[in-house]
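Participant: just coords:
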């Protein structure tokens with residue numbers, strides 16, 4: 001017994017003197033399992049009742065009343081009843097607690113109390129999600145997994161790209177076969193351009209045609225020109241590129257009909273046309289008009305072309321990744337119609353609430369609130385969501401312009417030559 005106590009004392013002393021800190025820095029998951037999870041679980045279980053009362057999460061139960069002859073007899077005062085919770089289950093860098101909502105409660109009150117819960121449990125943050133009616137999941141993060149995102153290996157799947165890390169600690173993979181079209185919004189220096197660069201260099205080694213539309217003179221997508229099949233740097237050039245893609249769309253439709261299939265993915269690999277990923281940087285430049293007839297006509301052509309590509313492209317191997325600093329209904333009804341076709345959503349820090357609402361509002365209102373809380377010092381941090389309404393915070397991997405240009409040059413020889421894009425500006429070479 002004495003030896004056991006001595007060994008326990010030595011281990012405790014070593015932990016206090018620095019072993020725990022070393023483990024936290026180099027093996028955060030091990031540190032959480034050994035130290036963080038047991039301690040935090042104890043805090044959750046011992047403080048839950050008191051916290052629900054202080055934060056207004058407990059529901060007051062009316063006392064029973066009895067009638068004795070002509071007198072109304074009241075029992076004790078109102079009693080707060082805390083919501084029922086599950087036992088905290090361990091996650092990779094935190095823990096999760098399922099809460100059964102009391103009648104009349106909504107997830108909004110739990111989001112308002114998330115900071116108080118994080119302070120009481122001494123964790124980095126508490127995220128609130130609602131997987132189904134009547135339930136709320138509180139996810140406590142022992143540390144910030146987005147502070148030092150670890151690079152993950154690129155997947156072997158066609159049209160898949162590892163672009164960052166999720167707050168759950170898992171790799172953030174943009175899979176265009178699963179979610180064919182994406183909308184990305186973000187203010188200047190929010191990380192939007194870095195995300196686009198990361199996506200392009202991940203797709204560059206794959207047998208994929210990359211088409212760029214950058215109406216800011218090609219300032220953002222210009223470094224990738226060697227790997228792009230074509231790059232439009234003005235709205236007039238964008239109209240030509242989009243028109244050529246619609247011709248490509250019609251050709252693929254005829255190919256599918258001739259082989260009695262519903263998508264190019266059902267064709268034999270030798271017959272299947274090469275996938276095309278269209279990357280649009282700064283969507284507003286395609287929709288803005290100065291009121292002249294010529295400008296309105298150009299904007300309408302861009303709007304209709306993008307909408308047709310979004311509606312029909314997924315089955316025909318043509319995918320859209322549309323980005324912009326500001327996306328709102330003021331750009332025209334075509335923007336709202338296009339948004340409905342873009343199932344994947346990414347919202348960085350934005351300058352106006354309307355852009356966050358346009359990006360995420362039709363999928364999950366809670367995600368809008370979280371996106372608006374992203375601060376100026378959180379470059380690359382974003383809220384991602386899909387058409388199922390599931391959302392999560394994530395952070396894209398940093399990609400320097402020098403690295404981006406080097407990767408584009410390295411894989412320039414893989415740039416495919418599409419007949420419908422011949423003669424368009426800035427075409428890549430096969």
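Facilitator: Received the coordinates, thanks. It should be emphasised that the depicted structure is a prediction, and the values quoted were computed from it without experimental measurement.

Participant: separation between residue 127 and residue 376?
Facilitator: Between residue 127 and residue 376 the computed distance is 21 Å (C-beta to C-beta, to the nearest Å). No exception for glycine: its C-beta is placed from N, CA and C like everyone else's.

Participant: of those two, which one has the most company?
Facilitator: Applying other C-beta atoms under 10 Å to residue 127 and residue 376 shows that residue 127 carries more neighbours, namely 21 against 9.

Participant: so that one sits in a strand?
Facilitator: Yes. According to DSSP: H, G, I helix; E, B strand; the rest coil, residue 127 belongs to a strand.

Participant: list the strands paired with the helix or strand harbouring residue 184, with their directions.
Facilitator: For residue 184, the host element (DSSP states H and E) is strand 182-185. Neighbouring strands of strand 182-185 in its sheet, by DSSP bridges, are strand 318-324 (parallel), strand 344-347 (parallel).

Participant: now the angle from the host helix or strand of residue 212 to strand 318-324?
Facilitator: Using DSSP H and E, the element containing residue 212 is strand 209-214. For strand 209-214 against strand 318-324, the angle by axes from the mean of the first three to the mean of the last three C-alpha atoms, to 10 degrees is 30 degrees.

Participant: rounded mean pLDDT for strand 209-214, please.
Facilitator: In this model, strand 209-214 has an average pLDDT of 94.

Participant: of all the strands paired with strand 182-185, which one is nearest residue 57?
Facilitator: Of all those, strand 344-347 sits nearest to residue 57, with 27.9 Å by C-beta to C-beta.

Participant: and the next helix or strand after that closest one, how far out from the chain middle?
Facilitator: Toward the C-terminus, strand 344-347 is succeeded by helix 353-360 as the next helix or strand (DSSP H and E). Helix 353-360 sits 14 Å away from the centroid of its parent chain (C-alpha atoms, centre = their mean, to the nearest Å).

Participant: now swap in stretch 156-168 and tell me
Facilitator: 11 Å.

Participant: check the separation of the first and last residues in it.
Facilitator: 22 Å (C-alpha to C-alpha, to the nearest Å).

Participant: let me see the domain layout of the chain.
Facilitator: As given by automatic domain parsing, the domain ranges for the chain are 23-141, 160-421.

Participant: now render those domains as JSON lines, adding distance to residue 147.
Facilitator: Shown next, in JSON lines, are the domains of the chain (distance: least, C-beta to C-beta, whole Å):
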{"stretch": "domain 23-141", "distance to residue 147": "9"}
{"stretch": "domain 160-421", "distance to residue 147": "9"}
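
Participant: among those, which is the most enclosed?
Facilitator: domain 160-421 (a mean of 19; mean count of other C-beta atoms under 10 Å).

Participant: can you give me the end-to-end span of that domain?
Facilitator: 24 Å.

Participant: cool, and stretch 283-292?
Facilitator: 19 Å.

Participant: also stretch 101-116?
Facilitator: Stretch 101-116: ends 18 Å apart by C-alpha to C-alpha.

Participant: then stretch 197-214?
Facilitator: End-to-end distance (C-alpha to C-alpha), stretch 197-214: 13 Å.

Participant: what's near enough to touch the nearest residue in space to residue 261 that is not next to it in sequence?
Facilitator: Nearest residue to residue 261, sequence neighbours excluded (C-beta to C-beta, 6 or more residues apart in numbering): residue 267, at 5.9 Å. Listed by C-beta atoms under 8 Å, 6 or more residues apart in numbering, the contact set of residue 267 reads 255-256, 259, 261.

Participant: now with 10 Å, please.
Facilitator: For residue 267, the contact set (C-beta atoms under 10 Å, 6 or more residues apart in numbering) comprises 252, 255-256, 259, 261, 273, 317.

Participant: again with residue 135
Facilitator: Contacts of residue 135 by C-beta under 10 Å, 6+ apart are 86, 98-101, 107, 129.

Participant: the residues you listed in helices, which ones?
Facilitator: Using DSSP state H, the subset of these located in helices is residue 107.

Participant: any idea what the residue positioned nearest the centre of the chain is bridged to?
Facilitator: The residue lying closest to the centre of the chain (C-alpha atoms, centre = their mean) is residue 384, at 1.6 Å. Applying DSSP bridges to residue 384 yields these beta-bridge partners: residue 346, residue 392.

Participant: return the distance of stretch 229-245 from the chain's centre.
Facilitator: 28 Å.

Participant: show the pLDDT at residue 62.
Facilitator: Taking residue 62 on its own, its pLDDT is 58.

Participant: likewise the one 3 residues further on?
Facilitator: Each residue has a pLDDT score; the one for residue 65 is 55.

Participant: can you check residue 14 too?
Facilitator: Reading off the model, residue 14 has pLDDT 51.

Participant: likewise for residue 285?
Facilitator: At residue 285, pLDDT is 89.

Participant: quick one: it and residue 218 touch, right?
Facilitator: No. If you go by C-beta atoms under 10 Å, residue 285 and residue 218 don't touch, sitting 11.8 Å apart.

Participant: residue 123 contacts residue 115, correct?
Facilitator: No. Using C-beta under 10 Å, residue 123 makes no contact with residue 115, being 11.0 Å away.

Participant: joint contacts of residue 285 and residue 218?
Facilitator: Counting by C-beta under 10 Å, 6+ apart, the shared contacts of residue 285 and residue 218 are residue 234.

Participant: contacts for the helix or strand harbouring residue 40?
Facilitator: Per DSSP H and E, residue 40 falls inside helix 37-54. Residues lying outside helix 37-54 but in contact with it, judged by C-beta under 10 Å, 6+ apart, are 31-32, 57-60, 80-85, 87-91, 93-95, 97, 99, 102, 113, 116-117, 119-123, 138, 140, 142.

Participant: just these: which are in helices?
Facilitator: 31, 116-117, 119-121.
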